[in-house]
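Undergrad: could you work out the structure for the sequence below:
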Amino acid sequence: MPASDCIFCKIIAGKIPSKKIFEDSKVIGILDINPISEGHTLVIPKKHYETIDGVPDGEMGAIFGAVKKVVLKLRAKLEPDGFSVIQNNNEAAGQAIPHFHIHVIPRKEGDDLFALNPGQPASDEQLDELVQKLED
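TA: Below you'll find the predicted structure:
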């Protein structure tokens, strides 16, 4: 998707309103309009990258630094019991807008929103085969 058609790029350019809670020279943090919980925030780089593999290595520090600042702000103001920090890539993984972004979701004990449940245990042989497949 070209950046000119991207809803997040339009938000960053001020063409679409948002509820901004964080901004620096490289990143914005806006409240999600379909929040999973109170304070659900999207941390979005101002430059258009569709997925994590398109983000230059030098940009990651600024993006995750902004995630930490958003977490600290939400913790101080909303006092959640924890956070889920989620980043989806491509439609198959649940990415609805093709502009790299990170969800910061405040959680309360027992909120039953969602959880990553462990899969079936892998055998040593399966893990060894996978390590070999992933070797350089």
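
Undergrad: farthest out from the centre of the chain, which residue is that? Tell me.
TA: Distance from the centre of the chain peaks at residue 125, with 33.4 Å (C-alpha atoms, centre = their mean).

Undergrad: report the contact partners of that one.
TA: Taking C-beta atoms under 8 Å, 6 or more residues apart in numbering as the definition of contact, residue 125 has no neighbours. Where you see a C-beta, it was placed from the backbone N, CA and C, and this is true even at glycine.

Undergrad: so where does it fall, helix or strand?
TA: Element membership for residue 125, per DSSP states H and E: helix 124-134.

Undergrad: model confidence over that helix, on average?
TA: Averaged over helix 124-134, pLDDT sits at 95.

Undergrad: now residue 133: how far from residue 127?
TA: 11 Å (C-beta to C-beta, to the nearest Å).

Undergrad: let me fix that: residue 48
TA: Applying C-beta to C-beta, the value for residue 48 to residue 127 is 37 Å.

Undergrad: likewise for residue 29?
TA: 37 Å.
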